[in-house]
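Novice: Generate coordinates for the sequence data below:
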Amino acid sequence: MRIAVTYENGKIFQHFGHCEEFRIYETKDNAIESARTVYTEGSGHGALAGFLKNQGVEALICGGIGGGARQALDEAGILLYPGAAGDADEAVQGLLSQTLVYNPNEMCGHHHEAGSCGNHGESSCGNHGGSACGNPDAGECGADRQGCRGNM
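Specialist: Numbers count the residues shown, from 1 in each chain. This is a model prediction of the structure:
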């Protein structure tokens, strides 16, 4: 199975639509055989699902993700494991061993107003400890209010 992870500095990047690179893993018999990093070359929300499909990806592990991207991945036949955080390699191993911690209902609205991350009271974009994205104790939205990053 070929698994992709939204990727930045060894960790799961927390905003699918702004992901500049993916780590793509080749797996067999519940083990990682190889991994490589691929750059999206500026692809945006709509193009990322096609980019992953062209890479032969069958499953995606990510942090926050919006409804349009979810639909595009579904149409591309890519299984989705959103709401994950932490080390990318460990997440893939967790998926293979069926112990991956993720939130299938994770949503992140990227076009939002200050203090909200489109989470509708569930967990925040990228799961900053379950708090709203504007909470200084949890995380903050970028100056353009489009990228949610934790202060970890």
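Novice: Would you map the helices across this protein?
Specialist: 45-54, 67-75, 88-96 (DSSP state H).
Novice: Compare the ones you listed and say which comes out lowest on pLDDT.
Specialist: Across those, helix 45-54 has the smallest mean pLDDT, namely a mean of 86.
Novice: Could you check the angle that helix makes with helix 67-75?
Specialist: 20 degrees (axes from the mean of the first three to the mean of the last three C-alpha atoms, to 10 degrees).
Novice: quick revisit: can you say which of the helices of the chain is packed in most?
Specialist: Highest mean neighbour count of the helices of the chain: helix 88-96, a mean of 20 (counted as mean count of other C-beta atoms under 10 Å). Every residue, glycine included, has its C-beta placed from N, CA and C.
Novice: just checking, what packs against it?
Specialist: On a contact count with 3 or more C-beta pairs under 8 Å, 6 or more residues apart in numbering; DSSP states H and E, helix 88-96 meets strand 2-8, strand 11-12, strand 21-28, strand 31-39, strand 59-61.
Novice: Including distance to Arg70 and mean neighbour count, could these go into CSV?
Specialist: Output for these, formatted as CSV (distance: least, C-beta to C-beta, whole Å; neighbours: other C-beta atoms under 10 Å):
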stretch, distance to Arg70, mean neighbour count
strand 2-8, 14, 23
strand 11-12, 17, 22
strand 21-28, 17, 19
strand 31-39, 21, 12
strand 59-61, 10, 24
